[in-house]
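Undergrad: build me a model from this:
(one chain, ligands or ions: 1)
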Amino acid sequence: MTTGTPPKKSPAARNLEALPLWLAAAPLVLALAGLLWLAVRSPALRSRLESWLRPPPPVAAPVPLAPPAPAGPRLAIVIDDLGYQKEPIERLLRIQAPLTFAVMPGRPFSRQCAGLVVREGRELILHQPMEALAHASNGAGAYGEPGGGAPDPGLGAIYLKMSAETITATVEANLGAFPEIVGMNNHMGSAFTRNAAKMEAALRPLLSRRLYFLDSRTIGDSAGYAVAARLGLRAVRRDVFLDDTIDSARIAAQLRQAAALARSEGQALAIGHPHPETVGVLEREIPELLKSGIQLVYAGVLAVPAVRDAAPASSKSSRIGAASPQAAPLLRGRGSADKGQKSEVNSDRSLPTGP
Ligand SMILES: [Zn+2]
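TA: Okay, here's the model as predicted:
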């Protein structure tokens with residue numbers, strides 16, 4: 001008996017037998033190739049494919065939940081008049097707290113100061129110079145006229161005599177010089193900020209850039225906040241000037257007053273200048289303020305959509321018992337013992353003006 005083994009097929013014959021299988025599989029292979037090609041061509045499909053292929057992210061260890069920080073009274077401190085000297089800014093930036101810095105256009109160190117502030121991650125706003133009123137201590141000239149006794153707000157300033165177009169263009173140019181800024185406040189402006197129509201021309205450029213306005217309130221009846229409200233801008237008002245009188249004890253007292261206001265009202269905004277005395281007080285007092293439960297915040301945190309029927313700042317002053325704006329036109333704000341326009345003049349006079 002012979003057990004026959006099937007005759008060995010040649011490789012060519014075996015390939016021939018497998019041919020129908022290959023033919024059947026061909027459309028599937030083509031379809032897969034087509035899908036792959038589509039996936040490579042289409043960004044959406046490619047990213048989906050990549051997400052499938054990507055290993056799952058490692059599961060993070062659960063972080064123990066810290067108890068929510070109590071919402072302490074909020075105080076914003078703004079340092080005006082940046083651009084004359086670097087040294088005080090470097091000192092202020094070493095304070096580990098969210099201070100807001102307001103840079104002036106076209107001053108000798110404006111660009112460098114802005115760069116330092118941004119590099120250190122602090123908030124930067126434009127300090128827009130605006131026409132100031134003449135006043136007794138500044139000579140007896142006519143109001144607002146060059147050389148006529150009004151303090152000079154300097155390069156990049158806007159004046160009441162300018163057309164709305166020129167005012168807007170000037171502010172646009174100043175804003176354009178600092179792409180990093182998130183808001184704007186006024187330098188001087190006791191004459192300019194009273195004029196609602198001119199203020200509107202000044203604030204319009206903030207709209208498209210989504211910048212906020214801080215009304216420095218260098219005059220009791222500034223229209224700045226009300227105009228910002230009408231335009232739908234985020235806005236905030238200055239409560240206390242820290243260094244109208246450049247004296248460490250006085251500056252410390254003003255800072256305590258700002259903190260007291262923050263405690264009673266929930267929030268407050270103080271403006272100071274880079275005088276060595278102010279810097280010294282802030283270096284010394286800010287750690288104490290933080291320990292006492294005051295929460296320092298950027299001015300932009302306090303800038304919310306402004307109240308449309310915002311009363312002029314001066315009526316707020318009279319509401320809390322201060323003199324009426326008629327009786328004391330330069331009185332500024334709730335809880336503030338400010339007496340005049342000293343801030344808008346002092347701050348610039350006492351700083352070197354550079355070349
Ligand atoms: Zn200023």
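Undergrad: every contact and neighbour count from this point should use C-alpha atoms.
TA: Will do.
Undergrad: point out where the chain drops to low pLDDT.
TA: Counting by pLDDT under 70, the chain contains low-confidence ranges at 1-13, 15-16, 18-19, 22, 34-36, 38-40, 42-70, 135-148, 308-355.
Undergrad: near the ion, which residues of it show up?
TA: Asp81, His187 (Cα under 5 Å from the ion).
Undergrad: change it to 6 Å
TA: By Cα under 6 Å from the ion, the residues of the chain that approach the ion are Asp80, Asp81, His187, Met188, Glu344.
Undergrad: any of those residues buried? List them.
TA: Asp80, Asp81, His187, Met188, Glu344 (16 or more other Cα atoms under 10 Å).
Undergrad: which one of those residues is nearest to the ion?
TA: The closest of these to the ion turns out to be His187 (Cα to the ion; 3.8 Å).
Undergrad: I'd guessed the closest one sits against Gln128; true?
TA: Yes. With contact defined as Cα atoms under 8 Å, His187 reaches Gln128; the gap is 5.5 Å.
Undergrad: bridging residues for Ala270?
TA: As for beta bridges, Ala270 partners with Ile77, Val240 under DSSP bridges.
Undergrad: please tell me how far Gly183 sits from Val304.
TA: Distance, Gly183 to Val304, by Cα to Cα, to the nearest Å: 12 Å.
Undergrad: Ala164: neighbour count?
TA: Neighbours of Ala164 under the rule other Cα atoms under 10 Å: 17.
Undergrad: am I right that it is in contact with Arg204?
TA: No. Under the criterion of Cα under 8 Å, Ala164 is not in contact with Arg204, lying 10.1 Å apart.
Undergrad: identify each buried residue in stretch 113-129, please.
TA: Residues of stretch 113-129 classed as buried by neighbour count (16+ other Cα under 10 Å): Cys113, Ala114, Val117, Arg122, Glu123, Leu124, Ile125, Leu126, His127, Gln128, Pro129.
Undergrad: what about those residues, which are in strands?
TA: If you go by DSSP state E, the buried residues of stretch 113-129 have Glu123, Leu124, Ile125, Leu126, His127, Gln128, Pro129 in strands.
Undergrad: and those, which is closest to Val227?
TA: Gln128 (16.0 Å; Cα to Cα).
Undergrad: contacts only, for the closest one.
TA: Contacts of Gln128 were listed using Cα atoms under 8 Å, 6 or more residues apart in numbering, and they are Met104, Pro105, Gly156, Ala157, Val171, Asn174, Met184, Asn185, Asn186, His187.
Undergrad: the same query, at a cut-off of 6 Å, please.
TA: Neighbour list for Gln128: Asn186, His187 [criterion: Cα atoms under 6 Å, 6 or more residues apart in numbering].
Undergrad: just say helix, strand or coil for Phe213.
TA: The three-state label given to Phe213 by DSSP: H, G, I helix; E, B strand; the rest coil is strand.
Undergrad: beta partners for it?
TA: Under the criterion DSSP bridges, Phe213 forms beta bridges with Met184, Ala235.
Undergrad: looks like it contacts Val182 (just checking).
TA: No. Contact criterion Cα atoms under 6 Å: Phe213 and Val182 do not qualify, at 9.2 Å.
Undergrad: give me the more crowded residue out of the two.
TA: Phe213 (31 against 19).
Undergrad: separation between that one and the ion?
TA: With distances taken as Cα to the ion, to the nearest Å, Phe213 is found 15 Å from the ion.
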